[in-house]
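Undergrad: next input, structure requested:
(4 chains)
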Protein chains: 2
Amino acid sequence: MRHTKQTIKIQDVAQAAGVSVSTVSRVLNGKVDVAEETQARIQQVIERLGYTSSLAARSMRGQKTNLVGLIMPDIAFPYAIEVMKGVNRAIAESEYDLLVYTTGDIRKHGTALHEQQYVSLLNNSITDGLIIVAPAEADFVSAAPIVSIDPLAMNPNYPSVHATNYQGALDAMQYLIGLGHQRIGFISGRTELESATRRLNGYREALQRAGLPVDQALILAGDYTTETAMRCTRELLALENPPTAIFASNDQSALGVFQVTRELGLRIPEDLSLVGFDNIPDAAYLNLTTVDQFIGEMGYIATKMLIDLIGGITLVEKTHQVQTELVVRSSCKILEKTK
Amino acid sequence: MRHTKQTIKIQDVAQAAGVSVSTVSRVLNGKVDVAEETQARIQQVIERLGYTSSLAARSMRGQKTNLVGLIMPDIAFPYAIEVMKGVNRAIAESEYDLLVYTTGDIRKHGTALHEQQYVSLLNNSITDGLIIVAPAEADFVSAAPIVSIDPLAMNPNYPSVHATNYQGALDAMQYLIGLGHQRIGFISGRTELESATRRLNGYREALQRAGLPVDQALILAGDYTTETAMRCTRELLALENPPTAIFASNDQSALGVFQVTRELGLRIPEDLSLVGFDNIPDAAYLNLTTVDQFIGEMGYIATKMLIDLIGGITLVEKTHQVQTELVVRSSCKILEKTK
DNA sequence: GTGAAAGCGCTAACAT
DNA sequence: ATGTTAGCGCTTTCAC
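TA: Numbering: from 1, shown residues only, chains lettered A, B, ... in the order given. Sure, this is the predicted structure:
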């Protein structure tokens, strides 16, 4: 690799082609008023020299960069990956390229504190727009448009994409209740998140509608991690009157439940019905019933919205709801537990 | 969101603090020769105004940006995700942030053709260094260092990280042979890839060492996709004398095999042993034996190497080998197939 | 210890 | 149809 500190610039191209920088710039930006012959010559020189205009310089002149930014706290979780896939899909269909920004670890910079900083960093210089996942901040100052996915704040000042968390939980519960389950355990998410609260509400409402009691002993405080969910599962199964089904309020939690049932030699869904929320990797292979296929969609929709905004199109609704979907991977039946 | 086109710049800070821009710049860059009192005042103004210096302008002046770039053709595959996780881990431990660049779809821009362009775009302006996955190009012009993972070219002019593909395939095969398998199907990868060739060589060598015949009918041309692998699997199982085990040369292929066995009601590993290469999502849950846990490591190592290079440290070896590892998820036994 | 001024590579008037 | 030039926001000599 010619790891030269010396980069080819527009000047070099101009010189080599025997024209001025502005003429090269015109060709670069597809302006019409350049002679065919000159245009061709310049194009040739550009290719021969392998010239690429500097992103930094271009964006400093306030140009479109054709870059969309995606800010995520951490990219190593199924949820994050699904969002990326959805964004990726929309990007693939567009003229934009994607820049995913991550600090590698929430704990490194202390998330919320620095959200505005990331926004400024990207949107005030190199990106034409930004998608930000689960922002804690309710208010951003930004030179370019922003769309958020699953914002924590109740009434953010930026457009956002949500899922029908309440309805999804309702669906999941009605499915379980329809199978005959009467005692259904619930592993909650982090209560400060809107989505977690809505899912819990759906759980409660479904029980009430079915005339089933809401047993507090069956509602355990999870935190969207596998480890905590494993602890919760053990606790639930150790109850004197254990649940016959468990509703895990996110992907990581569902995997936790799965893991414990596996260790205990319990079969799903024969011995215990399990429904998880969010995309569980290879749920189909695991025979898991899930409320999913909406996370990617959120990424997709958010990106579409953002591209509209960049294009100067005003959104009809600032908040977009993505329909959740219950995917039944297998039929479940309840076994009468002998304690 | 105050979606102002008006951004706060260093000028505004200087004005508000009653100093010159250069003084603000000095504070920004932690220069020492600024009066305590002035420093504090400026710092305060910066915070009050929520000022963030423009990435574009900063990088144009040839500064360190503390940004590492990762170029991937597509981010929606297990392989890509594992690489990202590894890179992410190294980034989390460092002072750098990560910028993942993707065009969303290989087909959109025609990959190799534009690799140099991406390199220039990022490395000649906003990133301090670049990791590039499976580059086709053998030669890059770049202002900042580059480290590649799994380059296609034989002797690239940039440092690279590889896996012990040959040894891994050998291990996988010896495991299968150790179980008593004599007829082992092989679904190959894209032959233009170094890694695919090495895996095939490992397959062949293992058979020869064991004194087993290399049956061409058992070696099918895959292309690292699930669809093709499914076709190959059906073909293999339809043979008059079908294999009792299959070695899939990557993750997507292994999932293809898995899918078909599922459709046919075959149990793994009872009816057919399956070993896959590369990280298969939740292989543990699927009881799949795999050669894996090295992809993330490649990303991790590559990032470490890159950070060294950025810091001006010369690498001891330009090429780094990451050890593959065979993970046995379950024990397999052969069933005598009745045709 | 601080300010003035010269550019980094580029685009967009404004000339010619 | 092409060249000249003034900045974009920043860092960095070089003065004071």
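Undergrad: show me what from chain A comes close to DNA strand D.
TA: Neighbours of DNA strand D within chain A, by C-beta under 7 Å from any atom of the strand: A:18-23, A:26, A:33-35, A:37-39, A:57, A:60-62. C-betas here are computed from N, CA, C, even on glycine.
Undergrad: could you list every helix and strand in contact with the host helix or strand of residue A:83?
TA: Assigned by DSSP states H and E, residue A:83 belongs to helix A:78-92. Counting contacts by 3 or more C-beta pairs under 8 Å, 6 or more residues apart in numbering or on different chains; DSSP states H and E, helix A:78-92 is packed against strand A:67-72, strand A:97-102, strand A:129-133, helix A:251-263, helix A:295-310.
Undergrad: wait, what's in contact with the residue of the stretch 201-339 of chain A found nearest DNA strand D?
TA: Nearest residue of the stretch 201-339 of chain A to DNA strand D (C-beta to the nearest atom of the strand) works out as residue A:310 at 19.1 Å. Counting by C-beta atoms under 8 Å, 6 or more residues apart in numbering or on different chains, residue A:310 touches A:68, A:128, A:129, A:144, A:145.
Undergrad: ok, which stretches of the stretch 51-200 of chain A are strands?
TA: A:67-72, A:97-102, A:129-133, A:146-149, A:160-163, A:184-187 (DSSP state E, counting those that start in this stretch).
Undergrad: tell me the most buried of those?
TA: strand A:184-187 (a mean of 28; mean count of other C-beta atoms under 10 Å in any protein chain shown).
Undergrad: restrict that one to CA atoms and write it as CSV.
TA: C-alpha atoms of strand A:184-187 as CSV (Å, rounded to 0.1, in the frame of the first residue of the first chain):
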residue,chain,number,x,y,z
ILE,A,184,-48.4,-16.9,32.9
GLY,A,185,-45.1,-15.5,34.1
PHE,A,186,-43.9,-12.2,33.0
ILE,A,187,-40.2,-11.0,32.8
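Undergrad: can you tell me the strand partners of it and which way each runs?
TA: Here strand A:184-187 has these sheet partners by DSSP bridges: strand A:219-220 (parallel), strand A:245-248 (parallel).
Undergrad: contacts only, for residue A:217.
TA: Neighbours of residue A:217 in contact, by C-beta under 8 Å, 6+ apart: residue A:239.
Undergrad: sec struct for it, please.
TA: The assignment at residue A:217 comes out as helix when based on DSSP: H, G, I helix; E, B strand; the rest coil.
Undergrad: quick check: the residue nearest the centre of chain A vs DNA strand C, distance?
TA: The centre of chain A sits closest to residue A:83, judged by C-alpha atoms, centre = their mean, with a distance of 3.0 Å. Using C-beta to the nearest atom of the strand, to the nearest Å, one gets 32 Å for the distance from residue A:83 to DNA strand C.
Undergrad: go ahead and confirm that residue touches residue A:73.
TA: No - judged on C-beta atoms under 8 Å, residue A:83 makes no contact with residue A:73 at a distance of 11.3 Å.
Undergrad: anything in contact with each of the two?
TA: Joint contacts of residue A:83 and residue A:73 (C-beta under 8 Å, 6+ apart) are residue A:133.
Undergrad: how far away from the center of its chain is stretch A:118-134?
TA: Centre-to-centre, stretch A:118-134 and its host chain are 15 Å apart (C-alpha atoms, centre = their mean, to the nearest Å).
Undergrad: can you list the domain ranges for chain A.
TA: Structural domains assigned to chain A are A:10-62, A:67-163+A:295-322, A:165-293, following automatic domain parsing.
Undergrad: surely residue A:245 and residue A:180 touch.
TA: No - applying C-beta under 8 Å, one finds residue A:245 not in contact with residue A:180, separated by 9.4 Å.
Undergrad: just the C-alphas of stretch A:55-75, formatted as PDB.
TA: Output of stretch A:55-75 as PDB, limited to C-alpha atoms (Å, rounded to 0.1, in the frame of the first residue of the first chain):
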ATOM      1  CA  LEU A  55     -15.300  14.300   2.100                       C
ATOM      2  CA  ALA A  56     -14.100  16.800   4.700                       C
ATOM      3  CA  ALA A  57     -13.600  19.600   2.300                       C
ATOM      4  CA  ARG A  58     -16.800  18.900   0.400                       C
ATOM      5  CA  SER A  59     -18.900  18.900   3.500                       C
ATOM      6  CA  MET A  60     -17.300  22.000   4.800                       C
ATOM      7  CA  ARG A  61     -18.600  23.800   1.800                       C
ATOM      8  CA  GLY A  62     -22.100  22.800   2.900                       C
ATOM      9  CA  GLN A  63     -22.600  20.200   0.200                       C
ATOM     10  CA  LYS A  64     -24.700  17.200   0.300                       C
ATOM     11  CA  THR A  65     -22.600  14.300   1.300                       C
ATOM     12  CA  ASN A  66     -25.000  11.500   0.500                       C
ATOM     13  CA  LEU A  67     -24.300  10.000   3.800                       C
ATOM     14  CA  VAL A  68     -26.800   9.000   6.400                       C
ATOM     15  CA  GLY A  69     -25.700   8.400  10.000                       C
ATOM     16  CA  LEU A  70     -27.000   5.800  12.400                       C
ATOM     17  CA  ILE A  71     -26.100   6.200  16.100                       C
ATOM     18  CA  MET A  72     -26.300   3.200  18.300                       C
ATOM     19  CA  PRO A  73     -25.000   2.700  21.800                       C
ATOM     20  CA  ASP A  74     -23.800  -0.800  21.100                       C
ATOM     21  CA  ILE A  75     -24.000  -2.900  18.000                       C
END
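Undergrad: buried residues, it. List them.
TA: Under the neighbour-count criterion of 16 or more other C-beta atoms under 10 Å in any protein chain shown, stretch A:55-75 has A:55-60, A:65, A:67-75 buried.
Undergrad: and the residues you listed, which is closest to residue B:10?
TA: Of all the buried residues of stretch A:55-75, residue B:10 sits closest to residue A:60, with 13.2 Å by C-beta to C-beta.
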